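Novice: the following comprises the amino acid sequence and a computationally predicted model.
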Amino acid sequence: MANPHKQAVKDGKGTVYTYQALQRRVQTISDALVNAGVKRASRVAIFQQPTADWICSLLAIWHAGGTYIPLDSRSSLPRLAAIAAVAKPHAILCHNETEAEVPHLNSSSTIINVDELGESAPTITATQAKPNVPAAILFTSGSTGTPKGVILRHTAFRNTIEGLTKQYNIRAERVLQQSAFTFDFSLDQILCGLVNAGSVYVVPKDARGDPLAIAHIIRTEEITYTRATPSEYTSWISYGAEDLMKATNWKFAWGGGELMQPSLRQSISSLGLDGLKLYNSYGPAETITCTKTEVPYTDFENDDNDTTDIPAGFPLPNYSIYIVDHNLELVPQGVSGEIVIGGPSVAAGYLNNEKLSSRKFISNPWDGTGVVYRTGDIGYLRAGDGALMFQGRVSGDTQVKIRGIRIDLADIEASILSTAEGALHSVVVSVREGDVLVAHVQFAAGQPYSSAAEEKAFLRSLRFMLPLPVYMVPALFIPLDTMPTNAHGKIDRAAVLALALPQTEHNPAATTTDLSETEKTLIKIWKEAVPEGMMDAVPIHPEQTSFFELGGNSLLLVRLQVAINKAFGIKLSLVDLFGAASLRAMARRVESAQRVEEVAGQGEN
């Protein structure tokens, strides 16, 4: 064995395995699996907290010839039970911290507590892993609510990791392992560390998702290699910049999993780490990572390329990227279409779902060899260099219909980010009751607004600068310190949607004594016209606050028109109301119309 006494794995619990100790621990767990009847392609689940023994258990499953199924304890027990029901693992590897919860998985699998295994195995046997045998089944959310298992073979991981290592000159790195074990990022972290004679640091349960703790680990453990979502990086820098600025060993910052915004380049640049390189990547779980590219950030303001669009990258060795139309015909460079991926890293299909597998995994119609995966993602190959530019989903969950008009929330988000010119890192637009559009935003690290009042003023001005039709402009802009993320570190749209709207502590329009009688009456009418709760969520300033900021729209404007005409005995057109959307402007329009009515009445006499 090479490097027997070199550190291979370390965790936040104080456990350290050298390569020699790691090999012996893996053999011990592998022997227990074989004794329990595990054979080649037998499914084995790991249900443990994140420690060094998770990695030993993973390698032991492969050593015994089995297929790895992660049951990440951060997922709910009902969801884990649903995965176990679909996967039907032959065995489940737990430890003392999780053993008491194993019955909640409702599984008849053989249970092995790795903490109770004996001394290290004296004899090292040959691995039973084979290239075309399933290495892992990673479960992702399914459209029906049932977890969907992606079957990945050993050859898939070898192709990806070997290609990545050679193409980007990855050596014996000190790798951070903070991603959920159900996320394919975790396997990149583990394998890139170990196959190159580096080491892996497993972030403990209580530090996962804690940006301060993770930033401290990156510095003190002299981490050189990280892989995380852009949302994670932004959080780490926002809260842990003091540590990260001293993380002088950090060399590789791999991004992926979601769109990388240009503001991340500014955030990375603010750390002042000369040796750190930022990379973007793309690849669904069904193909692992298929494209990579370095993202320059030291002179991004003078970059000749469009600074609002960061490439998803270029194919790793042995990958093929195709862009096709709805007839699966190839389209030219620069033309958008569905992204289709080919190569030895394409998954073997979905577990127990032949119908979906046959629709998504098809024979390669272009070179006649192998299988390609239809991603359902939209993108194009950039003219000139052929870089993949990711644009979104073919029919993702960001498409909504509001008052008969189909819009894409991602379009609104992109417009907000572009108009903000780098001040915002991320935006999530959601639809609330009454078809109210609400934008939750996270400011970019290093933005110039030093107070909450300045941030609110910026967001209010931003709302009126958006190059969007009125029906696409969010009524509310709500700043968040950090966006909710799921176990994989991606922005969690469902969690954002579930956030309660803020309640104003003081509503000037409700208590100010200098409001005219017309304005006071309009306040009552607005309250009846706008969606419930909006009057409490938005501070109303007579000269500034627009009816549309309270959730008003074209249909509600009609309701408002009828109510005003009835209350004041006048006739105002929708054009009149649209052009006088603030409380004070609308009151002046009403009073002007009243005077016209009075003059007209006098003339008749």
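Specialist: Structure's in. What do you need?

Novice: when you work out contacts or count neighbours from here on, use the C-alpha atoms and nothing else.
Specialist: Will do.

Novice: check contacts around residue 67.
Specialist: 40-44, 61, 134-137 (C-alpha atoms under 8 Å, 6 or more residues apart in numbering).

Novice: ranking the residues you listed by neighbours, who comes first?
Specialist: Greatest neighbour count in the contacts of residue 67, by other C-alpha atoms under 10 Å, goes to residue 61: 37 neighbours.

Novice: show me what contacts the closest residue to residue 8 other than its chain neighbours?
Specialist: Excluding its sequence neighbours, the residue lying closest to residue 8 (C-alpha to C-alpha, 6 or more residues apart in numbering) is residue 199, at 4.3 Å. Residue 199 sits next to 7-10, 172-175, 193 when contact means C-alpha under 8 Å, 6+ apart.

Novice: and what of residue 221?
Specialist: Per C-alpha under 8 Å, 6+ apart, neighbours of residue 221: none.

Novice: ok, now how distant is the residue positioned nearest the centre of the chain from residue 71?
Specialist: Among the residues of the chain, residue 490 comes closest to the average C-alpha position under C-alpha atoms, centre = their mean, at 2.1 Å. Residue 490 is 18 Å from residue 71, where distance means C-alpha to C-alpha, to the nearest Å.

Novice: could you do residue 479 as well?
Specialist: 34 Å.

Novice: settle it for me: which of the two has more neighbours?
Specialist: residue 71 (28 against 18).

Novice: spatially nearest residue to the more buried one (excluding sequence neighbours)?
Specialist: Closest to residue 71 by C-alpha to C-alpha, 6+ apart is residue 47, at 5.0 Å.

Novice: kindly report the same for residue 7.
Specialist: residue 18 (4.3 Å).

Novice: my guess is that neighbour meets residue 5, correct?
Specialist: Yes: using C-alpha atoms under 8 Å, residue 18 is in contact with residue 5, at 5.3 Å.

Novice: more neighbours: those two, which one.
Specialist: Taking other C-alpha under 10 Å, residue 18 and residue 5 do not tie; residue 18 has more neighbours (17 against 12).

Novice: dump the contacts of residue 199 into CSV; add pLDDT and distance to residue 470 as well.
Specialist: Formatted as CSV, those follow (pLDDT from 0 to 100; distance: C-alpha to C-alpha, whole Å):
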residue, pLDDT, distance to residue 470
7, 98, 59
8, 98, 57
9, 98, 55
10, 98, 54
172, 98, 54
173, 98, 51
174, 98, 51
175, 98, 48
193, 98, 51
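
Novice: quick one: which of those sit in strands?
Specialist: Residues of the contacts of residue 199 located in strands (DSSP state E): 7-10, 174-175.

Novice: now do the helix or strand residue 458 falls within: distance to the chain's middle.
Specialist: Under the criterion of DSSP states H and E, residue 458 resides in helix 452-465. Offset of helix 452-465 from its chain centre (C-alpha atoms, centre = their mean, to the nearest Å): 25 Å.

Novice: ok, and what's touching the helix or strand following it?
Specialist: Per DSSP H and E, helix 452-465 leads on to strand 476-479 as the next helix or strand towards the C-terminus. If you take C-alpha under 8 Å, 6+ apart as the criterion, strand 476-479 is touched by 437-443, 455-456, 459-460, 463, 538, 549-550.

Novice: just the buried members of the residues you listed?
Specialist: 437-443, 455, 459-460, 463, 538, 549-550 (16 or more other C-alpha atoms under 10 Å).

Novice: all the strands of the stretch 51-200 of the chain, in order from the start?
Specialist: Taking DSSP state E, counting those that start in this stretch, the strands of the stretch 51-200 of the chain run over residues 67-70, 91-94, 110-113, 134-140, 148-153, 174-177, 199-202.

Novice: show me how this protein divides into domains.
Specialist: What automatic domain parsing lists as the domains of the chain is 19-118, 399-498, 508-604.

Novice: check what contacts the stretch of helix or strand residue 431 belongs to and list those residues.
Specialist: Using DSSP H and E, residue 431 sits in strand 424-432. With contact meaning C-alpha under 8 Å, 6+ apart, strand 424-432 is reached by 231, 234, 261-264, 409-410, 412-413, 416-417, 437-445, 447, 474, 483, 493, 496-497.

Novice: just the residues you listed: which are in helices?
Specialist: 231, 234, 262-264, 409-410, 412-413, 416-417, 493, 496-497 (DSSP state H).
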